[in-house]
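S.K.: coordinates for the following, if possible.
(chains A, B, C and D)
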Protein chains: 2
Amino acid sequence: MNAMSPGPVTLQDVANEAGVSLATASRAFNGSTRKVRQDLKERVLLAAAKLNYAANGPAQAMARGRTNVVGLIVHDISDPYFAAIAAGVMRAAEDQHLLVTLGSTMRRPERELDYVQVLRGQRSRAVILAGSRVDDPELLSRLREECAAFERAGGRVVVISQQKLPLDTVVVENRSGARALAQRLASLGYQRFAILGGPTRLLTARDRVQGIRDGLAAAGLPAPVVLEGAFTRDGGHDAMRELLTSREGLDCVVAVNDVMAVGAMAACRDAGLHLPEDLALAGFDDIATLRDVHPKLTTVRLPLERMGETALELVTTGTEGEPHRTRRIRGEVLIRESTPLRPTR
Amino acid sequence: MNAMSPGPVTLQDVANEAGVSLATASRAFNGSTRKVRQDLKERVLLAAAKLNYAANGPAQAMARGRTNVVGLIVHDISDPYFAAIAAGVMRAAEDQHLLVTLGSTMRRPERELDYVQVLRGQRSRAVILAGSRVDDPELLSRLREECAAFERAGGRVVVISQQKLPLDTVVVENRSGARALAQRLASLGYQRFAILGGPTRLLTARDRVQGIRDGLAAAGLPAPVVLEGAFTRDGGHDAMRELLTSREGLDCVVAVNDVMAVGAMAACRDAGLHLPEDLALAGFDDIATLRDVHPKLTTVRLPLERMGETALELVTTGTEGEPHRTRRIRGEVLIRESTPLRPTR
DNA sequence: AGCATCTGGGAAGGCGCTTCCCGTGGGGTC
DNA sequence: GACCCCACGGGAAGCGCCTTCCCAGATGCT
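M.R.: Prediction:
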């Protein structure tokens, strides 16, 4: 293609090819303050295409002092909750010509700190922390400091979950959603509830448990049994199995997310229970790939992709020095087959 | 923290703080060829920690001529198939202190080209192309050229799917897996098959369809009906609905992936069919979150996370100039409830 | 004709880091 | 004790690009 220079094509090569100066070639691409005559610009672009020029990202980053990369930190990318958020972030990022670097903490929240630091070093334009905050003041405080350092370095930080840090936040209204779900279930006639809760240190799990409690209390129902399990399919499965061996007379089990609910569903089947006749079951999130389980799962729909898009929108629209903004995301209760109207006794 | 310099902390700041030269500070971190006296090294590391120093990634990339970023390009990150591969890549990348930049083509294969080019500009150390190749010679040829450019620039390219390019490849043995599945199903007594195929231009879909055909033919069974649908839940759903309105006397339907199979399952239920009594159904992939659907789905297990890990291993272990390597991934047929032994008539 | 305005080009500076090269000091060898 | 070598610290070049300064030429306006 170009036999002259050895390594990758540089802007100088493009300028030579087009017969213009380096400065003009640069202006042809980024033309901000100065204008470049149309025909010259075309020549440059043509030369670039001919040489298959791709601007050196690190060099640009260095000269400009910032990149067009945003970091997305999730707990576990193979969890469909985060995969859906990631899809939303990706879609919005593409429109803005931003690249997304993915970090996965493998469900170890302390790893968020490392990622934020690494991304600061990378001069990422922003970091999106997707996923529940954790009840750990020490960790929270260190994270606050790390995020502050990130912002001092000129980046933005957006959180998707709880508003626990002085940052732009997409707040997921887990508690009110869970409360609404519980009230709807109560209105369907269910009375004796159990909750399959996630790890209590995860605020998302905790908020949902509390919301359900709120809703049941508001409906005048007794406090539910709460079991703690991992925030995964196996967590739901194991918690449900324990529940089935020890508890009797339950109406309705609410898992704090769909993945756990599906695990619980499997545990019920293993135990020979017939759903929903023998027991009603509900989840949370409305994970797309789980919408076809049978019986169809009552849940609270969260617009996961839109949450990702919203986070990226906060990244791109912020103005310097502005106080941190909040976007509230409400869940929508979806009553489906797994919680039919309960025949009155 | 340090009131002197305005912007982010630089290596010079650390060197000053530690009372050593810039060169020494740099060597304290990377000290490969050259050694630094132990006490000086500790002083530098201490100073770095004190100042909360994070090395400037772009600057390092520029000086070294390469980054520690690998790009992962998938068709759709919200598809659990790709999410699982991504999880494997992430895990392996973490061990190697590599960062992963995610590209999602939104199922438009031609966008792979753009991503490869962008990642070349970013001086990514490698690109992993996860996802089916496409039957489009023109596109394939352009992709070959773009990948060659990437490798000329010093990066590596690894493909997960079919061996269609002269690159390191994690070959998924879709055809033999599908063939084995079909033969097992035949041995269970099924005779009249239909296939819910994906888009024919996707080689993964095509290979699986062909494998099933092979297996049925080997078992002496008549050629199956094949319907084409999108490679998604809705694709499976719609294809199954069409199948149910037009075809009679089917034994067993095989969808070319689990997501489609679950969509098909829903369509069957909508039509009042009872699975597996009225119809057997099988999928492909063994997607983790879909293992609990009822009836449990017969499928071909693919070690998705391990495929991601293997791809990253190819990225890190390659030696210059070596001919491209191949890692074959075999599927494992899992017969489950959705295809019970068929009572002989 | 005189002046303001626009645009291209050359050149220099700087981003933060790695690494080559030089110089010095200490230890070993005969 | 002279010599050599090695180890290691420090100075400085250079990675590719963007930006800016300044000058030259062209154009348009009064």
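
S.K.: I'd assumed A:Gly211 was in contact with A:Pro224.
M.R.: No: counting by C-beta atoms under 8 Å, A:Pro224 stays clear of A:Gly211, with 11.7 Å between them. Any C-beta I mention is one placed from the backbone N, CA and C, and that applies to glycine too.

S.K.: more neighbours: the two, which one.
M.R.: Relative neighbour count places A:Gly211 above the other of A:Pro224 and A:Gly211, with 26 against 23, counting by other C-beta atoms under 10 Å in any protein chain shown.

S.K.: from A:Val134, how far off is that one?
M.R.: When C-beta to C-beta, to the nearest Å is applied, the distance between A:Gly211 and A:Val134 equals 18 Å.

S.K.: next: A:Leu188.
M.R.: Distance from A:Leu188 to A:Val134, counting by C-beta to C-beta: 34 Å.

S.K.: which residues in the stretch 151-300 of chain A form strands?
M.R.: Under the criterion DSSP state E, counting those that start in this stretch, the stretch 151-300 of chain A carries strands at the ranges A:156-161, A:168-172, A:193-197, A:225-228, A:252-255, A:280-282, A:299-301.

S.K.: residue ranges with poor pLDDT in chain A?
M.R.: Residue ranges of chain A with pLDDT under 70: A:1-7, A:31-33, A:344-345.

S.K.: domain ranges for it?
M.R.: The record's domain split for chain A, according to automatic domain parsing, is A:11-55, A:65-172+A:304-331, A:174-302.

S.K.: pretty sure A:Ser78 sits against B:Gly308.
M.R.: No: using C-beta under 8 Å, A:Ser78 and B:Gly308 do not qualify as a contacting pair, with a distance of 9.7 Å.

S.K.: higher neighbour count, those two?
M.R.: Set side by side, A:Ser78 and B:Gly308 show more neighbours around B:Gly308, with 29 against 23, by other C-beta under 10 Å.

S.K.: which residues touch the more buried one?
M.R.: Contacts of B:Gly308 were listed using C-beta atoms under 8 Å, 6 or more residues apart in numbering or on different chains, and they are B:Ala84, B:Ile85, B:Ala86, B:Ala87, B:Gly88, B:Val89, B:Met90, B:Arg91, B:Ala92, B:Ile128, B:Ala130, B:Ile160.

S.K.: between those, which is nearest DNA strand D?
M.R.: Within the contacts of B:Gly308, distances to DNA strand D taken as C-beta to the nearest atom of the strand reach their minimum at B:Ile128, with 24.5 Å.

S.K.: distance-wise, check whichever residue of the stretch 201-345 of chain A sits closest to DNA strand C relative to A:Thr67.
M.R.: For the stretch 201-345 of chain A and DNA strand C, the shortest gap (C-beta to the nearest atom of the strand) falls at A:Glu320, measuring 18.3 Å. For A:Glu320, the distance to A:Thr67 equals 18 Å [C-beta to C-beta].

S.K.: ok, those two, which is more surrounded?
M.R.: The residue with the greater number of neighbours, taking A:Glu320 and A:Thr67 and applying other C-beta under 10 Å, is A:Thr67; the counts read 23 against 6.

S.K.: OK, contacts around the closest residue to the more buried one other than its chain neighbours?
M.R.: Nearest residue to A:Thr67 in three dimensions, chain neighbours excluded: A:Ala61, at 4.3 Å (C-beta to C-beta, 6 or more residues apart in numbering or on different chains). For A:Ala61, the contacting residues are A:Thr67, A:Arg123, B:Gly57, B:Pro58, taking C-beta under 8 Å, 6+ apart as the criterion.

S.K.: what's the spacing between the first one and A:Gly308?
M.R.: Distance, A:Thr67 to A:Gly308, by C-beta to C-beta: 20 Å.

S.K.: narrow the contacts of A:Ala61 to those that are buried.
M.R.: When these are checked for burial by 16 or more other C-beta atoms under 10 Å in any protein chain shown, the buried set is A:Thr67, A:Arg123, B:Gly57, B:Pro58.

S.K.: hang on, the second one packs against A:Arg66?
M.R.: Yes: under the criterion of C-beta under 8 Å, A:Arg123 is in contact with A:Arg66, at a separation of 5.6 Å.

S.K.: between these two, what contacts are shared?
M.R.: Between them, A:Arg123 and A:Arg66 have A:Gly154, A:Gly155 as joint contacts when contacts are counted by C-beta under 8 Å, 6+ apart.

S.K.: mind listing what A:Ala59 touches?
M.R.: Applying C-beta under 8 Å, 6+ apart, the residues near A:Ala59 are B:Pro58, B:Met62.

S.K.: show me what secondary structure element comes after whichever strand or helix holds it.
M.R.: Applying DSSP states H and E as the criterion places A:Ala59 in helix A:57-64. Using DSSP H and E, the next helix or strand after helix A:57-64 towards the C-terminus is strand A:69-74.

S.K.: give me the angle between that next one and helix B:57-64.
M.R.: Here strand A:69-74 runs at 120 degrees with respect to helix B:57-64, directions being taken by axes from the mean of the first three to the mean of the last three C-alpha atoms, to 10 degrees.

S.K.: report the angle between the axes of strand A:69-74 and strand A:156-161?
M.R.: Counting by the same axes, to 10 degrees, strand A:69-74 points 20 degrees away from the direction of strand A:156-161.

S.K.: which of the residues in the next helix or strand after strand A:69-74 are buried?
M.R.: Using DSSP H and E, the helix or strand that follows strand A:69-74 towards the C-terminus is helix A:80-95. Of all the residues in helix A:80-95, those buried under the rule 16+ other C-beta under 10 Å are A:80-94.

S.K.: parallel or antiparallel, list what pairs with the helix or strand just after helix A:80-95.
M.R.: Sequence-wise, the next helix or strand downstream of helix A:80-95 (DSSP H and E) is strand A:99-104. According to DSSP bridges, strand A:99-104 has the following sheet partners: strand A:69-74 (parallel), strand B:99-104 (antiparallel).

S.K.: for A:Ala266, which of these is the nearest?
M.R.: The minimum distance between A:Ala266 and these falls on strand A:69-74, with 24.9 Å, by C-beta to C-beta.

S.K.: re earlier: any idea which of the contacts of B:Gly308 is closest to A:Ala47?
M.R.: Proximity of those to A:Ala47 (C-beta to C-beta) peaks at B:Ile128, which lies at 31.0 Å.
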